[in-house]
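Asks: take this sequence and fold it.
(one chain, ligands or ions: 2)
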Amino acid sequence: MSAALSEAAPVHVVAAALIDADGRVLLAQRPEGKHLAGYWEFPGGKVEPGESALQALQREILEEIGVRVASAEALIRIPWRYSAKQILLDVYRVREFVGVPHSCEGQSLKWVPAAALDPAEMPAADHPVIHALALPDRYLITPEPGADLGAFLAGLDAALDRGVRLVQLRALQLEEEKLRTLAAECLTRVRAAGGQLLISRRHDLVEELDLDGVHISAAQLQSLQERPVSLRRWFAASCHDARELQLAQSLQVDFAVLGTVAPTLSHPGQVPLGWDGFSALCAGAALPVFALGGLVEGDLPAAIERGAQGIAGISAFWELR
Ligand SMILES: Nc1nc2c([nH]c(=O)n2[C@@H]2O[C@H](COP(=O)(O)OP(=O)(O)OP(=O)(O)O)[C@@H](O)[C@H]2O)c(=O)[nH]1
Ligand SMILES: [Mg+2]
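Replies: Ligands and ions are numbered 1, 2, ... in the order given. This next block holds a predicted model:
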């Protein structure tokens with residue numbers, strides 16, 4: 001076979017994460033005799049020539065489960081290579097639909113709470129989609145805590161009050177005992193708000209302090225041999241280019257932060273990616289990616305349009321007092 005044939009363009013597949021009022025997600029079981037038979041997937045199928053992705057989504061969802069999609073939000077696009085085929089899995093979150101889903105093609109259907117989606121029973125390309133569904137669209141990275149830890153905690157409370165639910169404690173200069181005490185205090189506050197707390201760089205503290213995960217630096221990405229925390233915890237990484245994103249995927253990183261998108265005062269030497277550079281890198285990545293660097297909360301729609309899970313930042317979510 002010629003290289004041109006073996007490298008055929010990926011099949012564009014659209015799928016819907018249909019979500020009901022209780023936050024449950026609809027899954028359909030792939031029928032016998034098909035690719036990945038028996039696995040539970042998001043309803044959907046291939047985009048036909050001349051169709052837009054949204055038209056294909058409307059058609060597939062009507063054909064397969066008999067409901068009309070009333071509105072759809074782009075969630076994530078996963079480029080994936082199976083041995084038999086290469087796909088671009090283009091997933092939309094659908095909260096508004098008309099009709100009651102039912103099996104139109106003899107396939108089994110079930111509603112699963114989003115937090116209970118089980119990667120073991122879903123196709124490999126869907127695993128990052130499970131993470132995208134579980135993650136919010138804003139990721140706060142704390143500023144380095146100064147001497148006044150009371151003021152720092154007040155800053156955290158203010159961010160939680162504004163609805164931030166995913167937080168990375170980034171305290172690289174605190175002495176060990178103070179760091180442990182502060183992490184425990186932050187965890188109590190973040191959990192009380194229904195959020196999740198990751199710690200920067202210190203995977204050794206995750207189990208000990210029962211934190212929700214670790215966020216590693218790009219330098220740590222190069223030195224780790226394997227995923228340092230269990231699959232029950234978040235494993236996140238900072239990336240700046242395609243090579244680091246690839247490395248992150250090979251280490252089973254759950255989500256990445258990619259930047260810098262815009263020029264920032266904190267990293268004046270870094271050449272910004274711009275939104276075009278960001279979206280090109282994001283398109284090649286098979287995991288949720290937050291945009292970082294020089295962004296404000298109002299950039300969220302632009303980030304999502306460019307393929308991001310959302311935006312990450314210190315100053316974007318931390319009020320200067
Ligand atoms: N609909 C859907 N397809 C998925 C998911 N994950 C995933 O890897 N896929 C793959 O994407 C392709 C979906 O295309 P499809 O539903 O139109 O095709 P098919 O294999 O069922 O049947 P067909 O070729 O007879 O039309 C399949 O290869 C399927 O294995 C998912 O969550 N939903
Ligand atoms: Mg299908």
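Asks: I'd like to know how many residues surround the residue of the stretch 151-300 of the chain at minimum distance from ligand 1.
Replies: Here the residue of the stretch 151-300 of the chain nearest ligand 1 is Ala286; by CB to the nearest ligand atom that distance is 11.3 Å. (C-beta placed from N, C-alpha, C; glycine too.) Summarising burial for Ala286: neighbours were counted as other CB atoms under 10 Å, giving 21.
Asks: work out for me the element it sits within.
Replies: Per DSSP states H and E, Ala286 falls between elements, in no helix or strand.
Asks: that one and Ser250: what is the separation?
Replies: Ala286 sits 11 Å away from Ser250, going by CB to CB, to the nearest Å.
Asks: mind listing the shared neighbours of those two?
Replies: Common neighbours of Ala286 and Ser250, using CB atoms under 8 Å, 6 or more residues apart in numbering, do not exist here.
Asks: doesn't Ala28 make contact with Ser108?
Replies: Yes - here Ser108 lies in contact with Ala28, judged by CB atoms under 8 Å, at a distance of 7.2 Å.
Asks: show me which helix runs longest in this structure.
Replies: Longest among the helix segments of the chain by residue count, using DSSP state H, is helix 176-192.
Asks: could you give the average pLDDT over it?
Replies: In this model, helix 176-192 carries a mean pLDDT of 98.
Asks: cool, stretch 34-48 as well?
Replies: Averaged over stretch 34-48, pLDDT sits at 96.
Asks: all the strands of the stretch 151-300 of the chain, residue numbers only.
Replies: 166-169, 196-200, 213-216, 234-239, 255-259, 289-292 (DSSP state E, counting those that start in this stretch).
Asks: tell me the spacing between the nearest residue to Lys178 once chain neighbours are set aside and Leu182.
Replies: The spatial neighbour of Lys178 that comes closest, neighbours along the chain excluded (CB to CB, 6 or more residues apart in numbering), is Leu149 at 7.7 Å. Here the criterion is CB to CB. By it, Leu149 lies 6 Å from Leu182.
Asks: more crowded one of the two?
Replies: A side-by-side neighbour count of Leu149 and Leu182, using other CB under 10 Å, places Leu182 first with 19 against 15.
Asks: now do the contacts for the more buried one.
Replies: For Leu182, the set of contacting residues under the criterion of CB under 8 Å, 6+ apart consists of 145, 149, 152, 169, 171, 174.
Asks: my read is that the fourth one contacts Arg202, right?
Replies: No - taking contacts as CB under 8 Å, Leu169 lies outside contact range of Arg202: 9.1 Å.
Asks: which one's more surrounded, those two?
Replies: Neighbours were tallied for Leu169 and for Arg202 using other CB under 10 Å; the higher tally belongs to Leu169 (26 against 22).
Asks: what's opposite the more buried one in the beta bridge?
Replies: Listed by DSSP bridges, the beta-bridge partners for Leu169 are Ile199.
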